[in-house]
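>>> Provide a 3D model corresponding to the input given below.
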Amino acid sequence: MTGGETAAATEGDARTVLIAGTASHVGKSTLAAGLCRLLARRGVSVAPYKAQNMSNNARVALTPDGEWGEVGVSQHVQARAAEVPATTDMNPVLLKPRGGGESQVVIDGEAVANAPASEYYDDRWEAARAAAVAAHERLAAGHDVIVAEGAGSVAEINLRDRDLANVECARFADADVLIAVDIERGGAFASLYGTLELLPDDLRERVRGAVITKFRGDPSLLEPGIEEIEARTGVPVVGVVPHDDPGLPAEDSLSLPDAEEDGPGGSDRGGGVLGSDDGVADDAAVRVGVPRLPRISNFTDLEPLAREPGVRVAYLPLDAALDGVDAVVLPGSKNTVDDLLALRDAGFGAALRAFDGPVVGVCGGYQILGERLVGAAVEGVGDREAVPGVGLLPVETEFSTEKRVERVTCAVEGVGPIAGAAGRATGYEIHAGRTRRLGDAADEGAETAVATEPLGAGSVATERVLGTYLHGLFETAAVRDAFVERVFAHAGLARPNGAATDRSPYDRAADLVAKHVDLGAAGLDGLLGPTE
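This is a model prediction of the structure:
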């Protein structure tokens, strides 16, 4: 079957609803997660789905063969909202940008190639489409409803014949379509009108309604515009969702906070802060600095910290001073060597060696903190075989083409930046390369290791620095609590009373959909099953 043909759903298949958008970052993920949880609360068997995703924020899920593979973070989040285990069928094609126009291509959870866009579309797109169709069929056989999420704009006319996440998904899934429109950007009605005009005729017929998102103010002010757009297009506006972040993990770097006008410590270097809306005065709060790596990945590891009262997570330009932060966390990277070189060129490595607070490196951030990285050519950095690291941990990382993707549960040894923690931590590992401990480093700025494997295989800690491959470490309360205590102690501040804010992100997203989206007006009320 060619990309232009439509595959009608067979009898007994799940009904699919595609949440498409007029652009990227318009609220598709939130609407999809909210609808998943709303359906799950009604007792409907529902699964999330995104045929093709582009993100460096990934999670671990089961493949059709029962192995561990990668999916985009949004589908992992939506699986939790749907109250079902995450599988790679929910995101069968994942593109992880590496820089320079190239992406790692992940199909059914397994990395199969590094390819520029032209090569992907010329040589791999048909295989990717076949994997997406097969994944949808497997989900449809086991669930009543599939909530599919589109990608970017549903009306990218230059990609119409190869738009797997939108056009192709709508066709092979026989999907009903809802279009999300972000009013915060301005021009919402024009965006919706233009999107509908540019859709292929068969997709235009599938559109059941539009949802205006991120609205601030009195919805009645929109009524004249809604009336006219409905009259012009015949498409009902079935919801106006207020600007309310339910706290779901971010999908990509567009969701990182914008740079501040004033950076940490009053500098003018910028940053961007999460967690400043907790009611704790800034002079009673601590700041965890996070370098805004050019190829940052899995920065959602930091979000549990931002939910702690009195903790600010500040994303820093690479040339920022560290005198205004109380701890530093180096996040994951899609290309560790290039990000290490960028840090070095900006002077961040030297600043980090002079910093005297707690430091944690996760995955690529851990590799950066070591003495050296070997086999750098595997990372695509010419023929360089060894690159010096920041030198804060006595470890060496050797890269290879083999990739470790696995859910992990490990014992916790409370040392260094997580002193006092105990029990077990659960998370996941997604990385290429193996890290081994060297003899305790003697270079200036390096520290003596006090523990090997304090937080998962290959991890190392000193009195001040921790390196680990365990993504999701701060989701374990004991680890998070110990680190936050250490940061407040280093800052000389009393930790505010009270537990972390319970955002209940899945139920909050469901409440937004239930209260502000009229599924009946879209002809989709039958999705909800029996009324409560």
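>>> in the stretch 1-150 of the chain, which ranges drop under the pLDDT threshold?
For the stretch 1-150 of the chain, the stretches flagged by pLDDT under 70 are 1-12.
>>> Show me where it has its strands.
Along the stretch 1-150 of the chain, the segments classed as strands by DSSP state E, counting those that start in this stretch run 15-21, 46-49, 52-54, 58-62, 68-72, 93-99, 102-107, 110-116, 145-149.
>>> For Gly209, find the nearest of these.
strand 15-21 (10.5 Å; Cβ to Cβ). Bear in mind the C-beta positions are built from the backbone N, C-alpha and C, glycine included.
>>> Just the residues contacting the closest one, thanks.
9, 27-28, 31-32, 35, 49, 136, 140, 144-150, 152-154, 166, 169-170, 173-182, 206, 524, 527 (Cβ atoms under 8 Å, 6 or more residues apart in numbering).
>>> mind listing what Thr476 touches?
Val412, Gly423, Arg424, Ala425, Thr426, Gly427.
>>> Make CSV from the residues you listed and add distance to Glu228 and pLDDT to it.
Output for the contacts of Thr476, formatted as CSV (distance: Cβ to Cβ, whole Å; pLDDT from 0 to 100):
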residue, distance to Glu228, pLDDT
Val412, 59, 94
Gly423, 59, 95
Arg424, 58, 95
Ala425, 55, 93
Thr426, 52, 91
Gly427, 50, 90
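>>> Go through the residues you listed and name the one nearest Gly109.
Using Cβ to Cβ, the contacts of Thr476 come closest to Gly109 at Gly427, 17.2 Å.
>>> Surely that closest one is within a strand?
Yes: counting by DSSP: H, G, I helix; E, B strand; the rest coil, Gly427 falls inside a strand.
>>> My read is that it contacts Phe474, right?
No: with contact defined as Cβ atoms under 8 Å, Gly427 does not count as touching Phe474 (9.1 Å).
>>> Would you mind telling me which of these two has more residues around it?
Taking other Cβ atoms under 10 Å, Gly427 and Phe474 do not tie; Phe474 has more neighbours (27 against 24).
>>> what's the longest strand along the chain packed up against?
The longest strand of the chain (DSSP state E) is strand 395-411. For strand 395-411, the contact count by 3 or more Cβ pairs under 8 Å, 6 or more residues apart in numbering; DSSP states H and E identifies strand 58-62, strand 68-72, helix 364-369, strand 372-374, strand 424-437 as packing neighbours.
>>> Now intersect the contacts of strand 15-21 with the helices, please.
Lys28, Leu31, Ala32, Leu35, His136, Ala140, Cys169, Ala170 (DSSP state H).
>>> TSV please, covering those and showing neighbour count.
Below are these laid out as TSV (neighbours: other Cβ atoms under 10 Å):
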residue	neighbour count
Lys28	30
Leu31	26
Ala32	31
Leu35	31
His136	27
Ala140	23
Cys169	29
Ala170	27
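>>> Can you tell me which of the contacts of strand 15-21 are buried?
Buried residues within the contacts of strand 15-21, counting neighbours by 16 or more other Cβ atoms under 10 Å: 9, 27-28, 31-32, 35, 49, 136, 140, 144-150, 152-154, 166, 169-170, 173-182, 206, 524, 527.
>>> shaky segments in the stretch 201-350 of the chain?
Low-confidence segments of the stretch 201-350 of the chain (pLDDT under 70): 250-271.
>>> would you list every one of the strands in it?
207-215, 237-242, 273-274, 286-291, 296-297, 311-316, 327-330, 332-333.
>>> now these as CSV including distance to Val484 and mean neighbour count?
Converted to CSV, the strands of the stretch 201-350 of the chain look like this (distance: least, Cβ to Cβ, whole Å; neighbours: other Cβ atoms under 10 Å):
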stretch, distance to Val484, mean neighbour count
strand 207-215, 31, 24
strand 237-242, 31, 21
strand 273-274, 14, 21
strand 286-291, 8, 27
strand 296-297, 22, 26
strand 311-316, 6, 26
strand 327-330, 9, 27
strand 332-333, 21, 28
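>>> need those in JSON lines with distance to Pro116, can you?
What follows is those, written out as JSON lines (distance: least, Cβ to Cβ, whole Å):
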{"stretch": "strand 207-215", "distance to Pro116": "33"}
{"stretch": "strand 237-242", "distance to Pro116": "37"}
{"stretch": "strand 273-274", "distance to Pro116": "33"}
{"stretch": "strand 286-291", "distance to Pro116": "27"}
{"stretch": "strand 296-297", "distance to Pro116": "19"}
{"stretch": "strand 311-316", "distance to Pro116": "28"}
{"stretch": "strand 327-330", "distance to Pro116": "28"}
{"stretch": "strand 332-333", "distance to Pro116": "20"}
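>>> list the buried ones in stretch 80-90?
Arg80, Ala81, Ala82, Val84, Ala86, Thr87, Thr88, Asp89, Met90.
>>> Surely the third one and Val46 touch.
Yes: using Cβ under 8 Å, Ala82 makes contact with Val46 at a distance of 4.8 Å.
>>> sorry, back to before: buried stuff in the longest strand of the chain?
Within strand 395-411, judged by 16+ other Cβ under 10 Å, the buried ones are Val395, Glu396, Thr397, Phe399, Arg404, Val405, Val408, Cys410.
>>> again, but for stretch 332-348
Within stretch 332-348, the residues that qualify as buried are 332-344, 348, counting by 16+ other Cβ under 10 Å.
>>> Identify all contacting residues around it.
By Cβ under 8 Å, 6+ apart, stretch 332-348 touches 56, 96-99, 104, 291, 293-299, 301, 317-320, 349, 352, 362-365, 367-368, 373, 376, 379-381, 384, 387, 389-390, 397, 430, 433, 471.
>>> What distance do you get for Arg204 to Val211?
17 Å (Cβ to Cβ, to the nearest Å).
>>> what about stretch 308-315, distance to the chain center?
Put simply, stretch 308-315 sits 18 Å off its chain's centre (Cα atoms, centre = their mean, to the nearest Å).
>>> oh sorry, the question was meant for stretch 425-436
18 Å.
>>> Just give the number of residues close to Gly492.
Gly492, neighbours per other Cβ under 10 Å, totals 8.
>>> no wait, Arg464
With other Cβ under 10 Å as criterion, Arg464 counts 18.
>>> list the contacts for it?
Taking Cβ under 8 Å, 6+ apart, we find Arg464 in contact with Asp356, Gly357, Pro358, Val359, Gly416, Pro417, Glu447.
>>> centre of the chain versus stretch 50-60, how much separation?
8 Å.
>>> Repeat that for stretch 212-230.
The answer for stretch 212-230 is 30 Å, by Cα atoms, centre = their mean.
>>> End to end on that stretch, go ahead and measure it.
13 Å (Cα to Cα, to the nearest Å).
>>> Name the surrounding residues that touch that stretch.
With Cβ under 8 Å, 6+ apart as the test, stretch 212-230 has contacts from 26-27, 30-31, 180-184, 188-189, 192-193, 210, 235-237, 239-243.
>>> low-scoring pLDDT stretches of the stretch 351-500 of the chain, where are they?
376-384, 440-446, 498-500.
>>> do that again at 50, thanks
381-383, 442 (pLDDT under 50).
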